[in-house]
Structure formats: structure tokens, C-alpha cells
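Peer 1: My questions are about this predicted structure, shown below with the sequence.
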Amino acid sequence: MLFGGRRACGAALAVKASVANSGRAGARPSSDLRAYGCSPAPRPLPRSFFSLLLATLLLAACASAPRVEPLKPAAAPVDSASDEAGLIMQMDRYEAELAHSPAVVRDPALNRYLKTLTCEVAGDYCPEIRVYLIRQPYFNAQMAPNGLLIIWTGLLLRVEDEAQLAAVIGHEVGHYVERHSLARWRKLKSTSNLALALQVLGGGGLIGAAASLGAYSGLFAFSRDQEREADDYGLKRLRELGYDDRRVGALWAEVWEEERMRDRELLSSILATHPASAERRNRLTEAAQGHSERRDSERYWAAIEPQRALWLEDEIGRRHYSQSQVLMARLRALPQASAESAYFTAEMYRRRGQAGDLERARDIYQQAIAAGDAPASSWRGLGLVLRQLDQPDAARAAWREYLKRAPDAEDRAMIESWL
Ligand SMILES: [Zn+2]
């Protein structure tokens, strides 16, 4: 069943929805995604999300703002006359569209793994939360108030073990349990952000000018207090489950190193905004007690291994080379999949093509090959850089080896024409 999470009871809602949402019967206002880094999802958002968000903002503007209490497991359905019911129904609608999106990664084994881990971390809230893996090459995860948890593939590429992933999931569950979305909406309605939001959303949707994207990110940003609260919740769950809590600070240290290299000129950087910071890294590092060594990195790597090459390809394809350099250096230093990481590092340098990059790429292709389990494409890439470095004989030898190792290569005819 698609929606196992929080429900809003229906009747009164349908009336308000039809007013606020120009006649889409049963459609309900509301929306809101909580990002691990407090950022909105870029491309995979279905279109109706924005019109419904507008409706929700309007509805929220009329709502009262009582204090938001944490959610209890298996809580009763939300009062249908409340703004929270609107948020939940909107997100149910969004989820129904998302479920059919080509951006959702369908790999059954990986999804089973994520679901099992999420259930463990969510504990009593497990039946209310559904996890979707989205193919997006950025460090991000999001939690909606209806129990929809979205994890981006770029996050899985950056996480090194199960302890770190459990911390991320615990953080998101924290947002859910503390009902941060609702608190955020209620705050927004009383500020100038509401007018800004209406302006942005009324202007034809999210994917537009950089200014709109920036405004949207700001609109959905959680407060620092909410982020700390979610971090603490994640840390608490991590300890209760017996994982090594030092892995959380380590993760944020790594993300922060990458974040500092942000390519500001790229639009996608705005979308991927999240509050990685030295303060967050320090706080989580200092909070660690180190009572356990449990990381479960083997199980984590076994789960991601079949998909990982694709995510590395996506990482390089986004062309944020200064960030990718930091990430790839870290991944290459890990004991797992070192030849694969080396191969994609070489690919990154070859494609960037700045001064010295061809030589770097050549050396790293050769290191990947020497490691013993390099992808066949390593010889292809090596041939390409050797040709550019004016070593045609060595280039041809590399391509011959490539074709020997990948006899069914799609580019076989082209490579043969170079021999
Ligand atoms: Zn967060």
C-alpha cells in the first residue's frame, strides 16, 4: 500500500480543497518537504506540487497557530479541519505522482535494504514511514509530514557505512516526529515569507530563475534549532541501536569539506543547499561518546555496490569538478571499490581537461589498472588521453585491450576505426 502513514480524515477537507485548489476534487492543499540539508527536491517534483503548495499557503494563512507537540506513534488521524491535514493530503498527492516518476530507483534489493534500515531506525514510527530512493547526484534527504522519506543517490554515494546512513535516516525521522514541517508553515504565515512564497509560486513554478530558486530554498529552510533537534534525535537513535556515534561527526566533516568547494555559479548548487557547516561538524563530533565500534560497512557496501558506478557517473556528469575532486579523493582512500573510484577519478580529470589533467588522468587510469579489478572502460579512457598526449601507439594498444575485455562494447566500431 502506497500510503501507510499519517492520514487526514476526509470530508471537511474536500470542501476546502476544492476552493483552494481550483476544482481538483479531493486534492488537498499543502506540501512541504523537509530536507536533511533543508533543501527542496529539484527535478523530480511533480507539477501539481507547486499549485497545491500555493493553495496550502493560502489555507495556512487562515489557520491558528497552537504549540506543536511531538508526534506519538500510531497517532489518531489528524483533525480534518486543520492546516496539518492539508499538509498531509498534499503530500499524499505528491507521493502518488512521485511513485511513478522515472527518477525513482527501483532496484529491489537496494530498496529492501533501505526499507529495513529505515524501519529499524524509525522504531515505533516504522509503519508510518515510506522510503523512496531518487536518482539525484547531491547529498540530500527529505521528510514530509505524511511519512514520505526521500533519499537521494548522491547521499548514498557519500555515506561510508551503515552507521552514517542510520544517522541520516534518524535525523529525518526526527523532523517527522517533532512535526517540524507544521511548525514551519505556521511560522511562515505570519511573516513576509508568505508574500514572497506566493510571488515565487505564482510566477509559473519553481524551475525558473535563480532568484526564484534561492527564494524557494529559503522558504523551506529549517531553523537551526530544528536542525539541531533533528540531529539530536538521529544521534539518540544511533546510540539506542548500538552504532558508533562518532561516524556522524565524521560524515558532516566530509560533507563540509566538499561544501566549501561549492561552485557558486551553478544553479544546482542552490538547489542542493544544506546547512553543512563547521559548527554542525564540531557539535556532532563533540557530542560523540564512542561507546560502540559498530559501523556495518560491509553490509552497506554490499547493498550499494550494484548501483554505485551509475552514481559515480552522475557525480562526474554534474560537472562540479572542484567538489568532485574532494569527494573522489576521499572515496579513493576507502578500502572498498578502490579501482572503480580510481577509474572515475581519471574520467573526471580527462573530461575536465585543464592544465595537467591529461597527465593526471593517465596516471590514475594506470593505477586503476594496476589495482587488478578496473572496469574495461579504463583502457578506453587511457587510450583517449594517450592519443591526446601524442602517444598514438600506446593509445592503440590500450584500445585493443579495451575491446578484448569488452567485446560487446557499444562503441566498438568507432574504436576499431581508430586502430
Ligand atoms: Zn534537517
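Peer 2: Cool, got the structure.
Peer 1: Please, which helix or strand holds residue 347?
Peer 2: helix 338-352 (DSSP states H and E).
Peer 1: Tell me which other helices or strands that helix touches.
Peer 2: Packing partners of helix 338-352 (3 or more Cβ pairs under 8 Å, 6 or more residues apart in numbering; DSSP states H and E): helix 297-317, helix 321-333, helix 357-371, helix 377-388. Where C-beta positions appear, they are placed from N, C-alpha and C, glycine not excepted.
Peer 1: ok now it, how far from the chain's centre?
Peer 2: In terms of Cα atoms, centre = their mean, to the nearest Å, the centre of helix 338-352 is found 22 Å from the chain centre.
Peer 1: now for the helices and strands packed on helix 338-352, which one comes closest to residue 188?
Peer 2: The closest of the helices and strands packed on helix 338-352 to residue 188 is helix 321-333. By Cβ to Cβ, the value is 30.7 Å.
Peer 1: List the buried residues of the closest one.
Peer 2: 321, 323, 324, 325, 326, 327, 328, 331, 332 (16 or more other Cβ atoms under 10 Å).
Peer 1: For the last one, which residues are in contact?
Peer 2: When you say that, I think you mean residue 332. 338, 341, 342, 345 (Cβ atoms under 8 Å, 6 or more residues apart in numbering).
Peer 1: Quick check: pLDDT value at the nearest residue to the last one once chain neighbours are set aside.
Peer 2: Spelled out, that is residue 345. Of all residues not flanking residue 345 in the chain, residue 328 sits nearest, at 4.3 Å (Cβ to Cβ, 6 or more residues apart in numbering). Listed pLDDT for residue 328 reads 96.
Peer 1: got a list of what residue 328 touches?
Peer 2: 315, 341, 344, 345, 348.
Peer 1: Mind doing that once more with 7 Å?
Peer 2: For residue 328, the contacting residues are 341, 344, 345, 348, by Cβ atoms under 7 Å, 6 or more residues apart in numbering.
Peer 1: Test my guess that the third one contacts residue 361.
Peer 2: No. Counting by Cβ atoms under 7 Å, residue 361 is not a contact partner of residue 345; they are 8.4 Å apart.
Peer 1: so where is the protein shaky, pLDDT-wise?
Peer 2: 1-5, 7-67, 189-221, 262-276 (pLDDT under 70).
Peer 1: Run a quick neighbour tally on residue 360.
Peer 2: Using other Cβ atoms under 10 Å, residue 360 is surrounded by 17 other residues.
Peer 1: any idea how far the ion is from the residue nearest to it when sequence neighbours are not counted?
Peer 2: Using Cβ to Cβ, 6+ apart and skipping the chain neighbours, the partner closest in space to residue 360 is residue 349 (4.5 Å). In this view, residue 349 and the ion are 34 Å apart by Cβ to the ion, to the nearest Å.
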